[in-house]
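Colleague: give me coordinates for this.
(chains A and B)
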Amino acid sequence: MTLWLLIPILVVVVLVQITLLPPTPILGLRIDLPLIVVVTWGMFAPFGEAAHWGFIAGMLLDVASGLPFGIHTLTLTLIGLGIGFGQATFFRGNLIAPPLAMLLATLFDHVLILGCLSLFGWQIAWNAYLMRVTLLTALLNTVALPFAYLPLQWLHRRLRPQLDV
Amino acid sequence: MYSSNRNRNTILVLLFVVALLLLGLHAAGQLQPLENFALGWMMPLLRGILGMGDAAEMATGSFADVNALREQLKQLQGEVNELTIMRVRIRELENENMLLRQQLAYKQSNPDFDLLGAAVLQRNPDLARVIGQDPSNLARYVIIDQGSAEGVKNAMPVVTPRGLVGRVTQTGTHWAKVLLITDASSAVNAVVQSTRATGVVQGDVNGVLTIKYVPQGEAIKTGDLILTSGLGGNFPKRLVIGQVTDVHKRDIELFQEATIAPTVDFARLEFVLVLKKFTPSDITQEPTPTPTAAPTRTRTPTPKP
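Modeller: Residues are numbered from 1 along each chain as shown, chains lettered A, B, ... in the order given. Take a look at the predicted model:
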């Protein structure tokens, strides 16, 4: 039930990412809002729910993306799944874990997308992408994490007060 | 409990399989109807969000002086754009004039030939609004609100009055995805306006444009304008791409490179033009206008009364 209630939030997040989100002034890169939301929700929600979120957000992103359809669906589903594994044990009460998870999730997201593109025959400048795009995006996402973490934590407490520690 | 866990795991495996299936179907080219339907469904939402963004922008800039300044800036920017375009046109007209003089001299020296002058660039532009951008930092695409129903097809060039934007890579009924020239996978055959040196303009992961494969012997300097060459027939010739800001020349390399500042502001793309029809033509096949070889001036003798 929670999943269906929260789909509109994902739709808005994806639409904002596609239309309104500007690049940061110095780096010229944009934060990855849907990825941040999926990772953050994975830290609170029961195992598997973030994978559902990742699947839906990924599908919406694929519709707007120029990259092969399914690439964001695959990466965000896997990231949601991976984050879900550490939900009950790793993230609770651990201050280092959320930013670390965000860094790793962004790295995984980009490496998987670039890997898929390689399989599709695209010429990928791995070094340039990893050093000049992936690492900086990972840092940006990590810096932006608290801005998503606090509202989503509040939402989670409202929706599932029984699960909150 | 066990059954619930099993159901949950089954669903997760199913999601993963569906994601893989989507990628496979895309590779097989079977997903176009689904993508068309999905983006068609999202279009009103995208327009709505954009409208809300515009409204919010207006509300935040409600101070009269800020608005006045903004208006003035817009006006000045418009004038700068016009002057830039005019400058390019003048240079092009000068070159064209020189070429026509050469052709005229050729015609006069070969009076038996029946030569016909023809315009080669036929534009049929439709105004399209940019309604979205690629969500990822790994690719540079925009979505426009004109599609196959309006006659937009894959590979059509997309421009603004300031210069080249990119080309259409995917079309739906009322939308199209445009690969920007700043994307790392984009390559455009180009020519340096002043010297007619040829090269290939490529984007990179940070969206920086570079003209590559310019032979070492060719002169290229900061401030030179880079235009499309028309080679390959993918783009019309003489579309402005940008201006050289930095030249990288090393004697040990076969080619030189130069960084280009695009004339189009890709961060503020709103309206673009799709070139639905043009006659492919190669600028590099034209004779190079050499100012030193001045064309012979011929004058028709005035009949004496």
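
Colleague: per-residue pLDDT, the residue nearest the centre of chain A?
Modeller: Using C-alpha atoms, centre = their mean, the residue of chain A that lies closest to the mean C-alpha position is A:Leu35, 1.5 Å off. What the model reports as pLDDT for A:Leu35 is 95.

Colleague: host element of it?
Modeller: A:Leu35 belongs to helix A:33-44 when elements are defined using DSSP states H and E.

Colleague: count of residues packed around residue 12?
Modeller: No chain specified, so I'll use chain A. Burial of A:Val12, expressed as a neighbour count using other C-beta atoms under 10 Å in any protein chain shown, amounts to 13. Yep, even glycine has a C-beta here, placed from its N, CA and C like the rest.

Colleague: sorry, should have said chain B
Modeller: By other C-beta under 10 Å, the burial measure for B:Leu12, its neighbour count, is 19.

Colleague: does it really touch A:Ala50, like I thought?
Modeller: No: using C-beta atoms under 8 Å as the test, B:Leu12 is too far from A:Ala50 to be in contact (10.4 Å).

Colleague: helices of chain B, start to end?
Modeller: In order along the chain, chain B carries the following helices (DSSP state H): B:2-27, B:32-60, B:64-109.

Colleague: swap that for chain A, sorry
Modeller: When assigned using DSSP H, the helices of chain A occupy the ranges A:2-19, A:33-44, A:49-64, A:71-85, A:97-119, A:126-129, A:135-159.

Colleague: can you redo those as CSV with distance to chain B?
Modeller: Below are the helices of chain A laid out as CSV (distance: least, C-beta to the nearest C-beta, whole Å):
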stretch, distance to chain B
helix A:2-19, 4
helix A:33-44, 7
helix A:49-64, 4
helix A:71-85, 4
helix A:97-119, 6
helix A:126-129, 5
helix A:135-159, 5
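
Colleague: wait, which of the ones you listed is closest to B:Asn189?
Modeller: B:Asn189 lies closest to helix A:126-129 among the helices of chain A, at 22.7 Å (C-beta to C-beta).

Colleague: any low-confidence regions in chain A?
Modeller: A:1-3, A:87-93, A:162-165 (pLDDT under 70).

Colleague: swap in 50 and give it another go.
Modeller: Applying pLDDT under 50 to chain A picks out residues A:165.

Colleague: nearest to chain A: which residue in the stretch 51-200 of chain B?
Modeller: Using C-beta to the nearest C-beta, the point where the stretch 51-200 of chain B gets nearest to chain A is B:Tyr141, with a distance of 3.2 Å.

Colleague: that residue: what's it in contact with?
Modeller: Taking C-beta atoms under 8 Å, 6 or more residues apart in numbering or on different chains, we find B:Tyr141 in contact with A:Ser65, A:Gly66, B:Gln133, B:Asp134, B:Thr169, B:Lys177, B:Val178, B:Leu179, B:Leu180, B:Asp183.

Colleague: what's near enough to touch B:Ala139?
Modeller: Taking C-beta under 8 Å, 6+ apart as the contact definition, B:Ala139 lies against A:Ser65, A:Gly66, A:Leu67, B:Asp183.

Colleague: tell me the confidence at it?
Modeller: B:Ala139 carries a pLDDT value of 89.

Colleague: and it, its phi and psi?
Modeller: For B:Ala139, the backbone dihedrals are phi -140, psi 150 (criterion: degrees, to the nearest 10).

Colleague: if you count neighbours, what's buried in stretch B:222-235?
Modeller: Taking 16 or more other C-beta atoms under 10 Å in any protein chain shown as the neighbour-count basis, stretch B:222-235 is seen to contain the buried residues B:Asp224, B:Leu225, B:Ile226, B:Leu227, B:Thr228, B:Ser229, B:Gly230, B:Leu231, B:Phe235.

Colleague: which among these gets closest to B:Gln32?
Modeller: After measuring these against B:Gln32 - C-beta to C-beta - the closest member comes out as B:Phe235, at 25.0 Å.

Colleague: residue contacts, residue 155?
Modeller: No chain in the question, so chain A it is. Contacts for A:Leu155 were tallied using C-beta under 8 Å, 6+ apart; they are A:Leu6.

Colleague: ah, no, chain B please
Modeller: The contact partners of B:Ala155, taken as C-beta under 8 Å, 6+ apart, are B:Arg167, B:Val168, B:Thr169, B:Asn234.

Colleague: could you restrict the residues you listed to the ones contacting chain A?
Modeller: B:Thr169 (C-beta under 8 Å from any C-beta of the partner chain).

Colleague: show me which pair in the contacts of B:Ala155 is furthest apart.
Modeller: In terms of C-beta to C-beta, the contacts of B:Ala155 reach their longest pairwise distance at B:Thr169 and B:Asn234, which sit 12.0 Å apart.

Colleague: and for the closest residue to B:Asp251 other than its chain neighbours, the neighbour number?
Modeller: If you skip the residues right next to it in sequence, B:Asp251 has B:Gln216 as its closest partner in space, 7.7 Å away by C-beta to C-beta, 6 or more residues apart in numbering or on different chains. Residue neighbour count, defined by other C-beta under 10 Å, stands at 12 for B:Gln216.
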